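K.L.:
Here is a sequence with its predicted model. Questions after.
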Amino acid sequence: MSTAKQRFTQRFTLAAIAGLALAAASQAALAQPRTDLVVGMALEPPHLDPTAGAAGAIKEVTYANLFEPLLRVDGEGKLVPGLAERWTVSEDGLTYRFTLRPNARFHDGTAADSADVKFTLDRARAAESVNAQKAYFAPIAKVETPDPQTVVVTLSRPDGLFLFHMASGDAAIVAPESAPTNKQKPVGTGPFKFDRWVAGDRVVLVRNPDYDGAKPKLDRVTFRFVSDPAAQVAALKAGDIDAFTLFSTYEALPEFRNDPKFTVTVGSTEGETLLSTNNARKPFDDVRVRRAMAHAIDRKTLIEGVLYGNGVAIGSHFPPHREGYVDLTGMYPYDPAKAKALLAEAGYPNGFDTTLRLPPPPYARRGGELVAAMLAEAGIRVKIEPVEWAAWLEKTFKGKDYDLTMIAHTEPLDIDIYARPDYYFNYKSERFNALNEELNRSQDAGRRNALYGEQQKILAEDAVNGFLFMLPSVTVQKAGLTGMWVNRPVQANDITGAAWK
Amino acid sequence: MLAFLLRRLVSLIVTVWLATIVVFTVLQLVPGDPALLMLGVNAQPDTLAALRSQMGLDQPILTRYLDWAGGLARGDLGVSLTYARPVAELVAERLTVTLPLALLSLAISTVLALPLGLYAAARRGRGGDWAVLGFAQLGVSMPSFWIAILLILLFSLTLHWFPAGGFPGWDAGIGPALHALVLPALALAVPEAAILARVTRTAVLDTLGEDHVRTARAKGVGRTAVLLRHALPNALIPVATVLGLQISFLVAGAVVVENVFTLPGLGRLLYQAIGQRDLIVVQGVVVLLALFVVAVSALVDIACALADPRPKGVSS
């Protein structure tokens, strides 16, 4: 009897101790914040060399994480030091002097010095260069390296955006030894280094222990590529993915907002979404027709219908979060009657037939349907033509063979596209071009902002395109994750500041 | 028999060669410049020209076809335009996902279907038969992607037993990799199993009516023994034919299921390559698939010929 009792007590005690130990262990696990992160993205990069491709996904994985340009753009769109710790610009705006971080090293252990910067810039502007933004490097006349830590770049003409362009992923500093293999095995100078790539599924980065700057809190970051909207929602809910950036399944947002396990942030991108108009083609060569269309589009309803309210209207080609922005959204209030009157004045009392070509992104396909319905109210009969991305680039963008299309222009600070003689809008304005030239000569921030304002007004008055809304930057993330970018001033998933609470 | 094999081999080679011509020609007609797609909206004309010449796109069409087809004949699938890696390497990498996925679902569907079909045949007209037929009807009418979504809802979102998609790679260990393949394999297997179960049932019932089976019965062989030893082996020929067809369908189904589960398989490679106008990859993968389908159907023909010598008039 007593032995049985003893045995029972023994067992009970053992079980209790085991239970306590388990509880303690899990408590310890709870107290230790996670140091890994899984970031979801819709598209997989074709390769990982930011200096050799336009695909946004390349920069979203590599920018600031793996590769560093001379300067960086931070989450608020400001220029901050990158590989260069400081820089000066000469009075005439032609000479730029960069001082590099003294102890910067590439992931393969070699020093990152002025010779690498010279190599990078000369490679990007060479005749056989395949840099997607080769024009960024066109003003460079020569690159000199007085010492390993100093680079002097001389321009042949002033370029007001030169520093901004040197902070882009396309200007990431690469080494001559690793440049040919960066597509598959990227070697940069950033706080993370490349670990592995499961093609079609994920890219894994690990912390670079030899980084000479502020060390990131995370020791492992996995970028996972999930293109299907339903699969994106499922992966988040199943806990497979910790944060999904540029999340575009807007209809699923209320669900995530109501779930305390998730945080949803809505910021701004640089993506001006346009009803791009062929200004050279009849009847769009008549400003009254373009203004009529501007009056016919109800941007509020469009933003509700396409973005489920997660976005802001624009009245010209400039993001509201940037200095120099002028609010012109009131210039063409929604007024179908006025639109009809303007059309009649232009000689189209019964409206006209036209074609709206739509690339694949959901904002275009969904937005196109709504825009077509709104234009129909004003008497413009729109035929919708959905196309693939490759076909869109070929026929619409390069071939300029279109009436109307809908697309977000995501290149940062790209208002200068309206000054390009051969751009697919087929827009020409002496006044605009003159302002653009002055912008290139001007370094003064106040003057530049004033010039940007003038440009925006001209574009709005000419109603060059239907200026619709800014594409939002929506991030759905697990509660407790901090340091993710809210806004998207450049195409990047900068996770160098991310951490778990 | 030898003449038969030779005939099959020649038709196989001719079919694949025709496939290369069709695939190559069709892709020339599809609009979309791969170089422009890579360089995007800010591409300068000289940059485009430099990239096009690097990719060999500035060569005449015939030269490009001969280059590619010549490479194929030597077993060289070319180098991907977007990934800048050999296509053979990409395909081999993706096959490590698609092949196990297809084999797993083939195994699941066979293991489900054969006993079910046999059972239904044995219970012809009774409750069990109706239940199997009901399942088959349901399985055939539900597309794989729908089953996939249901599986994700139940096993990933509600029970958290399996990941909702993705693939950690085999170097992450066999356990996690297989774990990621279970749901997709099941989604692919259910419709296949439904068809296979019906075919098995019908084939077994057909053979049950044949003379040798009646003889066996008359000799007093038990019910189960008749089914397993006499009816089933003869029913396997139509079953194998359908199985062969299903292998081709599995590859097509894998494209859809791989996209739902975001598995980096051959199907998804093809899907992405089409979007990126990576013509070399698309051509290579399609020709390989054509080769595979033709080869499987030839193998099934040969297997059936071996199992049943009658059609070639060798016996009698």
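P.N.:
Happy to help now that I have it. If you're wondering where the values come from, they're calculated on a predicted model, not measured in any experiment. Residues are numbered from 1 along each chain as shown, chains lettered A, B, ... in the order given.
K.L.:
which one is residue 286 nearest to, not counting chain neighbours?
P.N.:
Here I'm looking at chain A. Nearest residue to residue A:286 in three dimensions, chain neighbours excluded: residue A:346, at 4.9 Å (CB to CB, 6 or more residues apart in numbering or on different chains). Heads up, the C-betas are built off the backbone N, CA and C, glycines and all.
K.L.:
Oops, wrong one, chain B.
P.N.:
That would be residue B:23: by CB to CB, 6+ apart, it lies 4.8 Å from residue B:286.
K.L.:
Just the element for that neighbour, please.
P.N.:
Taking DSSP states H and E as the definition, residue B:23 sits inside helix B:2-29.
K.L.:
Which residues of the stretch 151-300 of chain B lie near chain A?
P.N.:
Contact residues (CB under 8 Å from any CB of the partner chain) of the stretch 151-300 of chain B with chain A: B:152, B:156-157, B:160, B:163-169, B:171, B:259-265, B:268-269, B:272, B:275-277.
K.L.:
Drop anything exposed from those residues.
P.N.:
B:152, B:156-157, B:163-169, B:259-265, B:268-269, B:272, B:275-277 (16 or more other CB atoms under 10 Å in any protein chain shown).
K.L.:
From chain B, how far off is the residue lying closest to residue A:461 once chain neighbours are set aside?
P.N.:
Among residues not flanking residue A:461 along the chain, residue A:331 sits closest, at 7.7 Å (CB to CB, 6+ apart). Residue A:331 sits 26 Å away from chain B, going by CB to the nearest CB, to the nearest Å.
K.L.:
what's the pLDDT at residue A:331?
P.N.:
Here, the pLDDT recorded for residue A:331 equals 96.
K.L.:
Kindly report the same for residue B:80.
P.N.:
pLDDT, residue B:80: 87.
K.L.:
Just list the residues touching the closest residue to it other than its chain neighbours, thanks.
P.N.:
Leaving out its chain neighbours, the residue that sits closest to residue B:80 by CB to CB, 6+ apart is residue B:281, at 5.0 Å. Residue B:281 makes contact with B:80, B:81, B:82, B:83, B:87, B:90, B:269, B:270, B:273 under the criterion CB atoms under 8 Å, 6 or more residues apart in numbering or on different chains.
K.L.:
Doesn't residue B:281 belong to a helix?
P.N.:
Yes. Under DSSP: H, G, I helix; E, B strand; the rest coil, residue B:281 sits within a helix.
K.L.:
Select from the residues of the stretch 151-300 of chain B next to chain A every entry located in helices.
P.N.:
B:259, B:260, B:268, B:269, B:272, B:275 (DSSP state H).
K.L.:
In a markdown table, list those along with distance to residue A:73.
P.N.:
Shown next, in a markdown table, are those (distance: CB to CB, whole Å):
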| residue | distance to residue A:73 |
| --- | --- |
| B:259 | 34 |
| B:260 | 36 |
| B:268 | 33 |
| B:269 | 33 |
| B:272 | 29 |
| B:275 | 28 |
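K.L.:
Taking those residues together, which two end up most distant?
P.N.:
Using CB to CB, those span at most 16.8 Å, a distance reached by B:260 and B:275.
K.L.:
For chain B, give me its nearest residue in the stretch 351-500 of chain A.
P.N.:
Per CB to the nearest CB, the residue of the stretch 351-500 of chain A with the smallest distance to chain B is residue A:390, at 2.7 Å.
K.L.:
hang on, that residue in a strand?
P.N.:
No. Assigned with three-state DSSP, residue A:390 falls outside any strand and is helix.
K.L.:
nearest residue to it other than its sequence neighbours?
P.N.:
Spatially, and ignoring its direct neighbours in sequence, residue A:390 is nearest to residue B:32 (2.7 Å; CB to CB, 6+ apart).
K.L.:
wouldn't that neighbour be in contact with residue A:393 here?
P.N.:
Yes. Here residue B:32 lies in contact with residue A:393, judged by CB atoms under 8 Å, at a distance of 7.0 Å.
K.L.:
hang on, the earlier thing: mind listing what the residue of the stretch 351-500 of chain A closest to chain B touches?
P.N.:
Shown in contact with residue A:390 (CB under 8 Å, 6+ apart): B:30, B:31, B:32, B:33, B:34, B:36, B:37, B:275, B:276, B:277.
K.L.:
what's the answer for residue B:140, then?
P.N.:
Applying CB under 8 Å, 6+ apart, the residues contacting residue B:140 are B:191, B:194, B:195, B:198.
K.L.:
hang on, the earlier thing: for the buried ones among the contacts of residue A:390, write the corresponding ChimeraX selection.
P.N.:
The ChimeraX command for the buried members of these (criterion: 16+ other CB under 10 Å) is given here:
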select /B:32,33,34,36,37,275,276,277
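K.L.:
so which of the contacts of residue A:390 comes closest to chain A?
P.N.:
Chain A has its nearest neighbour among the contacts of residue A:390 in residue B:32, at 2.7 Å by CB to the nearest CB.
K.L.:
three-state assignment of the closest one?
P.N.:
Secondary structure state of residue B:32, per three-state DSSP, is coil.
K.L.:
Look at it and report its pLDDT.
P.N.:
For residue B:32, the model assigns a pLDDT of 81.
K.L.:
Could you count how many residues lie near residue 235?
P.N.:
You didn't pick a chain, so chain A it is. 26 (other CB atoms under 10 Å in any protein chain shown).
K.L.:
wait, chain B
P.N.:
25.
K.L.:
And it, how far from chain A?
P.N.:
40 Å.
K.L.:
if I pick that residue, what's in contact with it?
P.N.:
So residue B:235 contacts B:200, B:203, B:204, B:206, B:207 (CB under 8 Å, 6+ apart).
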